[in-house]
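# this one's sequence-less:
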């Protein structure tokens with residue numbers, strides 16, 4: 001890895017380690033959960049059962065997590081349900097790699113928290129270059145044991161001990177119990193986007209990324225197949241070229257996808273629904289507790305009718321690592337506020353938070369006619385009892401359903417917000 005530049009710069013360009021493609025289809029799992037919410041329970045059960053019958057084998061989590069997943073009803077877990085989505089694939093020979101690295105790494109990790117009353121979903125993205133404590137783990141494939149580390153790069157947890165090690169690392173970091181997890185491969189994002197006929201993405205400033213081959217002019221683009229994959233993978237072409245910028249750009253895509261799936265009747269076609277479910281389930285290895293039709297049906301029921309305004313995407317709070325400009329460390333004060341909100345299952349809003357390093361509100365790009373979408377975006381659903389736009393904090397939070405505002409330094413957006421990705 002090249003030495004960090006000696007001069008000052010506004011942002012550290014995190015994410016210099018080579019990337020792999022597998023993380024991209026975390027979109028498939030998030031979307032597939034929402035993809036089944038608008039159909040009857042009977043249809044969901046039939047589709048889930050058929051897909052799981054031919055899906056890959058499951059993986060085991062720690063004893064405590066396994067016990068919770070097998071004995072608890074996902075729809076009635078006290079404090080809400082937590083699911084960890086992990087994206088990984090081989091690094092060797094990837095065309096956007098700076099070097100070849102053997103072994104699997106969790107380059108994208110997203111924690112999904114669904115509130116106990118099923119009225120809010122919070123998706124927390126963890127930067128791959130985050131330096132964190134990693135517990136002692138044993139690799140389930142090789143049997144190699146790895147001692148606990150007080151500070152190690154977050155995306156090494158998967159190689160150390162598989163899915164269970166990543167789950168244990170996030171549990172230690174957040175104080176949450178996470179009984180469900182999924183390990184995703186990259187093909188699903190192509191299948192998902194094709195099944196939907198494309199996902200409309202707004203670009204505020206042209207994206208030119210020679211690493212992924214993505215070249216998008218300012219304006220609205222319906223992305224599917226390899227273009228959708230390239231958009232989700234692009235780091236060099238968005239924001240400041242960092243992994244943190246890529247997270248916010250991914251949120252633009254995810255939010256648009258969720259608006260399309262939940263608002264425009266996409267799932268009225270049973271063939272489309274089956275394709276969506278298959279694209280996700282055939283490209284993910286689920287933990288034992290999640291690899292059950294009953295659990296997936298319950299998850300679908302939890303999300304049925306949820307407002308896109310109450311589906312929040314946030315980046316786990318970090319600051320630059322003073323010991324290494326290419327790494328980040330936990331922003332302890334802000335992370336504590338987010339952890340407590342998740343632990344206590346609070347209703348939350350992003351308040352006046354920014355959208356991140358590589359995205360902006362669509363209204364901010366409205367001054368440039370080329371950045372305006374060519375067709376009206378789907379309107380968000382409004383069936384949930386509250387929309388996450390309140391500013392209540394402290395003791396008044398929860399009064400009359402008023403959500404608690406998270407610290408303004410936490411970046412992200414709701415799925416209802418129409419945003420644009422910004423090229424560099």
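Here it is on my side, so go on. All figures in this text were calculated on a predicted structure; none of them were measured in a lab. Numbering: from 1, shown residues only.
# how many other residues sit next to the nearest residue to residue 216 once chain neighbours are set aside?
Leaving aside its chain neighbours, residue 216 sits nearest to residue 207 (4.5 Å; criterion: CB to CB, 6 or more residues apart in numbering). Every residue, glycine included, has its C-beta placed from N, CA and C. Neighbours of residue 207 under the rule other CB atoms under 10 Å: 26.
# and the gap between residue 207 and residue 112?
27 Å (CB to CB, to the nearest Å).
# so which residues make contact with stretch 140-153?
The contact list for stretch 140-153 (CB atoms under 8 Å, 6 or more residues apart in numbering) reads 17, 59-60, 128-139, 160-162, 164, 327.
# for it, measure first residue to last.
20 Å (CA to CA, to the nearest Å).
# so where do the helices sit in the protein?
For the chain, the helices defined by DSSP state H occupy 26-35, 41-53, 63-71, 157-174, 187-196, 225-233, 243-263, 270-281, 293-303, 332-343.
# in the sheet, who's paired with the most centrally placed residue in the chain?
In the chain, the C-alpha nearest the mean C-alpha coordinate belongs to residue 110, at 4.3 Å (CA atoms, centre = their mean). Judged by DSSP bridges, the bridge partners of residue 110 are residue 85, residue 125.
# filter the contacts of stretch 140-153 to the buried ones?
Using 16 or more other CB atoms under 10 Å as the burial test, these include 17, 59, 128-132, 134-135, 137, 139, 160-162, 164, 327 as buried.
# partner residues bridging residue 412?
Here residue 412, judged by DSSP bridges, has bridge partners residue 314.
# measure it to residue 299 for me?
Distance, residue 412 to residue 299, using CB to CB: 22 Å.
# same thing with residue 261?
Relative to residue 299, and taking CB to CB, residue 261 is found at 15 Å.
# now stretch 279-294: how far from the chain's centre is it?
17 Å (CA atoms, centre = their mean, to the nearest Å).
# buried residues, it. List them.
Judged by neighbour count using 16+ other CB under 10 Å, the buried positions of stretch 279-294 are 279-293.
# cool, and stretch 289-308?
So for stretch 289-308, counting by 16+ other CB under 10 Å, buried means 289-293, 295-304, 306-308.
# just the terminal-to-terminal distance for that stretch.
Termini of stretch 289-308 sit 27 Å apart (CA to CA).
# any idea of the pLDDT on residue 382?
Here, the pLDDT recorded for residue 382 equals 33.
# actually residue 370, sorry about that
47.
# quick check: end-to-end length of stretch 404-422?
Using CA to CA, the end-to-end distance of stretch 404-422 comes to 29 Å.
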